[in-house]
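Asks: could you look at this predicted model? Sequence included:
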Amino acid sequence: MTNTDLPMGDDSQTTEEILALTSTNLYIDGIERPASNGATFEVENPATGTVIATIASATAEDAAAALDAACTAQQAWAETPARQRANILLRTFNLIHEHADELATLMTLEMGKPLSESYTEVTYGAEFFRWFAEQAAHLDGHYTDSPEGKLRIIVSHRPIGPAYLVTPWNFPLAMATRKLAPALAAGCTAVLKPSEATPLTSLRLGQLLCEAGLPDGVVNIIPSLNAPAVSDTIMQDPRTRKISFTGSTQVGRHLLRAAADNVLRTSMELGGNAPFIVLEDADLDAAVQGAVDAKMRNMGEACTAANRFLVHESLAAEFSQRLAARFKELKCANGLDPESTCGPLISKDARERVAALVDDAVESGAKVLCGGKVVDGPGYFYEPTVLIDVPADARVYREEIFGPVAPITTFRTVEEALDMANSTEYGLASYLYTQNMALALDFNDRLEAGMMGLNVGVISNAAAPFGGLKQSGMGREGGAEGIHDYMDTRYIGMPRGTSF
Ligand code: NAD
């Protein structure tokens, strides 16, 4: 059976119909068109290894055209009343929900996650449009007098200008909406370069933005197999004012260097190495459930995924056994299969990397409680895996795993747990399980992470400021903070006390 044979329900569209609806072209200045040199690339379904679409691959020339369109549209979009911009965002929010079946299916086809998780992402991804529609209409500045009494100070916020948005493959819808919605709400135009592994969802979103009434040129979408050429063209152009990137720390560092030449405003949502800490007084039922959520969402392919399980020595044996029992219940299968609870990894290379991390840990003395093997057959599946007795210097603790592997180690004191948690260059998400709220708040003060899940395993929410510390990046997406990543702060100083 091929992936496209799986029905979605009697009265639903088939996967062929959904793929046929979805643009495979670049979206520039309101027009869907092929690449200037006719170049294309193929998108594969990681559950089957089959090609599901052939996509136009933007060249440097196409990138320049996309930026031209964004620059031409910038002034009119910035001057469009906030309420009007907000209405377009709200229409997009509604359209994403109306087309939930298509978007969820596209995500599962191109990225692999189980369909139920793709539906969750539709809800999460759409929410950025509603949240930032509300923000667009509520932006304010402030007025004050200077302390020595000589100046009146008027502070306002203006859209920063054309923004270049680069997204990864792991959340094909939400990573795009988390950038597009605040950019548009702020009054910025944009060029979006989705990951070459998962361009279909972004291209379908572009069609929905068009249907929602977004003027031509305000959003341009340019998938490309040649990311460096596209990025160089856009980032070296002085009209670009902003780069917002979500992806690996390695590529983030490179783009930060490139951003220096034109002194671009940067938002960097980079890699993570989240500690999941279970203190001695934790509710173990909640901790095990939280561990499944924080590890297995997206097959572990999330920047917020729990990467290191640090469990108090008195609870470690029971926690590990119960986690392994839960992992064994998961079903590795094509995400379109309604019974699938663990999809494939994104590629053969990604699976080989995960397998190498597990092998390295085992060679260093770790024991496998469950999993630890690739799944035979088509697709890039890897068994949900629990490792215990993992030495602190194993690669699996130091590197972002990006797969369904939970390495567990123990600690004796809270101080020791904190030191272990902070011993990484990353600082994105963290998780803490304890019933002592005062201790939790003190712990958070010293924990080097931008976000903490306190007795909860999933923390992403459009209303919360998402982002990291240290080498996990800078800037915040979502929350009241998110729109300011796309705005300049300006101030007018006027003399006071001279009129009478
Ligand atoms: P990646 O860094 O390989 O690619 C991300 C994007 O950058 C893609 O669109 C890719 O085409 C582009 N890119 C790659 N090389 C480039 C270059 N030289 N110049 C310009 N663009 C380039 O990351 P990925 O494999 O797509 O995603 C996984 C990574 O993303 C993980 O490290 C994960 O932690 C991170 N991530 C972070 C967050 C967050 O919010 N902090 C969210 C999701 C994913």
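Replies: Great, that's in hand. Residues are numbered from 1 along each chain as shown.

Asks: so which bits of the stretch 151-300 of the chain are right by the ligand?
Replies: 166-170, 175, 193, 195-196, 227-228, 231, 246-248, 251, 254-255, 269-272 (C-beta under 6 Å from any ligand atom). Placement of C-beta: from N, CA and C, glycine included.

Asks: do that again at 8 Å, thanks
Replies: Proximity of the stretch 151-300 of the chain to the ligand (C-beta under 8 Å from any ligand atom) is limited to residues 166-171, 175, 178, 193-197, 224, 227-228, 230-232, 245-252, 254-255, 258, 269-272.

Asks: out of those residues, which sit inside strands?
Replies: Those of these mapping onto strands are 166, 193, 245-246, 269, per DSSP state E.

Asks: which of the residues you listed lies closest to residue 342?
Replies: Of all these, residue 246 has the smallest distance to residue 342: 23.5 Å, by C-beta to C-beta.

Asks: who's in contact with that closest one?
Replies: Neighbouring residues of residue 246 by C-beta atoms under 8 Å, 6 or more residues apart in numbering: 166-168, 175, 178-179, 269-270, 303.

Asks: also residue 47?
Replies: By C-beta under 8 Å, 6+ apart, the neighbours of residue 47 are 3, 112, 333-336, 343-344, 378-379, 381.

Asks: is it true that residue 481 touches residue 463?
Replies: No. Counting by C-beta atoms under 8 Å, residue 481 sits too far from residue 463 to count as a contact (10.7 Å).

Asks: ok so, going back, which ones among the residues of the stretch 151-300 of the chain next to the ligand are found in helices?
Replies: 175, 178, 227-228, 230-232, 249-252, 254-255, 258 (DSSP state H).

Asks: buried among those? Make that a ChimeraX selection.
Replies: Buried subset of these, written as a ChimeraX selection, criterion 16 or more other C-beta atoms under 10 Å:
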select :175,178,227,230,231,249,251,252,255,258
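
Asks: now the two most distant members of the ones in helices among the residues of the stretch 151-300 of the chain next to the ligand.
Replies: The distance between the two most remote of these (C-beta to C-beta) is 24.5 Å, for 178 and 232.

Asks: just the pLDDT for residue 8.
Replies: On pLDDT, residue 8 comes in at 40.

Asks: go on, residue 36?
Replies: For residue 36, the predicted pLDDT is 98.

Asks: quick revisit: from the ones in strands among the residues of the stretch 151-300 of the chain next to the ligand, which two are the most distant?
Replies: 193 and 269 (14.6 Å).

Asks: so between those two, which is more surrounded?
Replies: Between residue 193 and residue 269, counted using other C-beta atoms under 10 Å, residue 269 has the larger neighbour count: 27 against 24.

Asks: what does the model give the residue nearest to the more buried one when sequence neighbours are not counted for pLDDT?
Replies: Nearest residue to residue 269 in three dimensions, chain neighbours excluded: residue 246, at 4.0 Å (C-beta to C-beta, 6 or more residues apart in numbering). Listed pLDDT for residue 246 reads 98.

Asks: then the top helix by length along the chain to PDB, C-alphas only?
Replies: Identified as the longest helix of the chain according to DSSP H is helix 115-136. Output in PDB follows, covering the C-alpha atoms of helix 115-136 (Å, rounded to 0.1, in the frame of the first residue of the first chain):
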ATOM      1  CA  LEU A 115      -1.900  12.700  11.900                       C
ATOM      2  CA  SER A 116      -3.200  13.500  15.400                       C
ATOM      3  CA  GLU A 117      -0.100  15.500  16.100                       C
ATOM      4  CA  SER A 118      -0.400  17.300  12.800                       C
ATOM      5  CA  TYR A 119      -4.000  18.400  13.800                       C
ATOM      6  CA  THR A 120      -2.500  19.600  17.100                       C
ATOM      7  CA  GLU A 121       0.000  21.700  15.100                       C
ATOM      8  CA  VAL A 122      -2.800  23.100  12.900                       C
ATOM      9  CA  THR A 123      -4.500  24.400  16.100                       C
ATOM     10  CA  TYR A 124      -1.200  25.700  17.500                       C
ATOM     11  CA  GLY A 125       0.000  27.200  14.200                       C
ATOM     12  CA  ALA A 126      -3.300  28.900  13.500                       C
ATOM     13  CA  GLU A 127      -3.300  30.500  17.000                       C
ATOM     14  CA  PHE A 128      -0.400  32.800  16.100                       C
ATOM     15  CA  PHE A 129      -2.600  34.500  13.500                       C
ATOM     16  CA  ARG A 130      -5.400  35.000  16.100                       C
ATOM     17  CA  TRP A 131      -3.000  36.100  18.900                       C
ATOM     18  CA  PHE A 132      -1.100  38.600  16.700                       C
ATOM     19  CA  ALA A 133      -4.400  39.900  15.100                       C
ATOM     20  CA  GLU A 134      -5.300  40.900  18.700                       C
ATOM     21  CA  GLN A 135      -1.800  42.300  19.300                       C
ATOM     22  CA  ALA A 136      -1.800  44.400  16.100                       C
END
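
Asks: which neighbouring elements make contact with the following helix or strand past it?
Replies: Sequence order places strand 142-145 as the next helix or strand after helix 115-136, per DSSP states H and E. Contacts defined by 3 or more C-beta pairs under 8 Å, 6 or more residues apart in numbering; DSSP states H and E place strand 142-145 against strand 151-159.

Asks: buried ones in the strand it packs on?
Replies: Buried positions in strand 151-159, judged by neighbour count with 16+ other C-beta under 10 Å: 151, 157, 159.

Asks: need the contact list for the second one.
Replies: Put plainly, it is residue 157. Residue 157 sits next to 139, 141, 186, 484, 487-490 when contact means C-beta under 8 Å, 6+ apart.

Asks: hey, what's it bridged with?
Replies: Note on residue 157: beta-bridge partners residue 489, judged by DSSP bridges.

Asks: relative to residue 82, how far out is it?
Replies: Residue 157 sits 11 Å away from residue 82, going by C-beta to C-beta, to the nearest Å.

Asks: roughly how far does the residue most central in space within the chain sit from residue 107?
Replies: Within the chain, the residue whose C-alpha comes closest to the C-alpha centroid is residue 175; the distance, by C-alpha atoms, centre = their mean, is 4.2 Å. To residue 107, residue 175 is 11 Å away according to C-beta to C-beta.

Asks: and for residue 169?
Replies: Taking C-beta to C-beta, one finds residue 169 at 10 Å from residue 107.

Asks: which of the two has more residues huddled nearby?
Replies: residue 107 (27 against 22).

Asks: what helix or strand is that one on?
Replies: Going by DSSP H and E, residue 107 is in helix 100-111.

Asks: I figured the residue nearest to the centre of the chain was touching residue 181, is that so?
Replies: No. Using C-beta under 8 Å, residue 175 makes no contact with residue 181, being 11.5 Å away.

Asks: for the helix or strand where residue 203 lies, packing partners?
Replies: In this assignment (DSSP H and E), residue 203 forms part of helix 199-211. Counting contacts by 3+ C-beta pairs under 8 Å, 6+ apart, helix 199-211 is packed against strand 26-28, strand 50-56, helix 82-98, helix 100-111, helix 174-186, strand 219-221.

Asks: only alpha carbons, please: show that helix as PDB.
Replies: Extracted C-alpha coordinates of helix 199-211, given in PDB (Å, rounded to 0.1, in the frame of the first residue of the first chain):
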ATOM      1  CA  PRO A 199       8.000  23.100   1.700                       C
ATOM      2  CA  LEU A 200       4.400  22.000   0.900                       C
ATOM      3  CA  THR A 201       2.700  23.200   4.100                       C
ATOM      4  CA  SER A 202       4.200  26.700   3.700                       C
ATOM      5  CA  LEU A 203       3.200  26.800   0.000                       C
ATOM      6  CA  ARG A 204      -0.400  25.900   0.900                       C
ATOM      7  CA  LEU A 205      -0.300  28.500   3.700                       C
ATOM      8  CA  GLY A 206       0.700  31.100   1.000                       C
ATOM      9  CA  GLN A 207      -2.400  30.200  -1.000                       C
ATOM     10  CA  LEU A 208      -4.600  30.700   2.100                       C
ATOM     11  CA  LEU A 209      -3.000  34.100   2.800                       C
ATOM     12  CA  CYS A 210      -3.800  35.100  -0.700                       C
ATOM     13  CA  GLU A 211      -7.400  33.900  -0.200                       C
END
